[in-house]
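Participant: this is a predicted model, with the sequence first.
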Amino acid sequence: MGWRVHPDHRGEADARNHPQRQFRIDQPSGRAFVGLSVFFRYAGLSEENQPPAPIMELLTPAMLERARVLGAAFRVAHLISAARPGVLPATHFRSQGRKLMLVFEHQMVDLVADRVAAA
């Protein structure tokens, strides 16, 4: 959605401009959810990258957490696949308690790197 904006500003720009976009989502909370998911996809989950407060106020804590998880999943998916076909089907997530592990099939093990672990 924010592909025309410089990568350093995509998250903020998408969150700020999302309410004006034409979607088939009538509820402001639905639009805020999509906007925050895109925000977290581009901005990441660090403490210094906080979405605009007016958008966060439209979401319940559960919706905010889901937007964070979805944005993080999009971020990792793009990082490991570079949008190339065939990569994501060769990966999956496994949970261990409150931790989520990304598992690569043997043919994709070369994609495992520090940058993927940090995302």
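Facilitator: Perfect, I can see it now.

Participant: so which bits of stretch 31-41 are buried?
Facilitator: For stretch 31-41, the neighbour count (16 or more other CB atoms under 10 Å) marks 31-41 as buried. All C-beta spots, glycine's among them, are computed from the backbone N, C-alpha and C.

Participant: cool, stretch 83-95 as well?
Facilitator: Buried residues in stretch 83-95, defined by neighbour count with 16+ other CB under 10 Å: 87, 90-91.

Participant: quick one: mean pLDDT for that stretch?
Facilitator: Stretch 83-95 shows an average pLDDT of 83 in the prediction.

Participant: over to stretch 108-119?
Facilitator: For stretch 108-119, mean pLDDT rounds to 63.

Participant: which residues of this protein score low on pLDDT?
Facilitator: 1-26, 28, 109-119 (pLDDT under 70).

Participant: all helices for it, in order.
Facilitator: Using DSSP state H, the helices found in the chain span residues 10-17, 28-43, 53-56, 61-81, 114-118.

Participant: how about the third one: buried residues?
Facilitator: Judged by neighbour count (16+ other CB under 10 Å), helix 53-56 contains these buried residues: 55-56.

Participant: for that helix, packing partners?
Facilitator: The contact analysis (3 or more CB pairs under 8 Å, 6 or more residues apart in numbering; DSSP states H and E) places helix 53-56 against helix 28-43.
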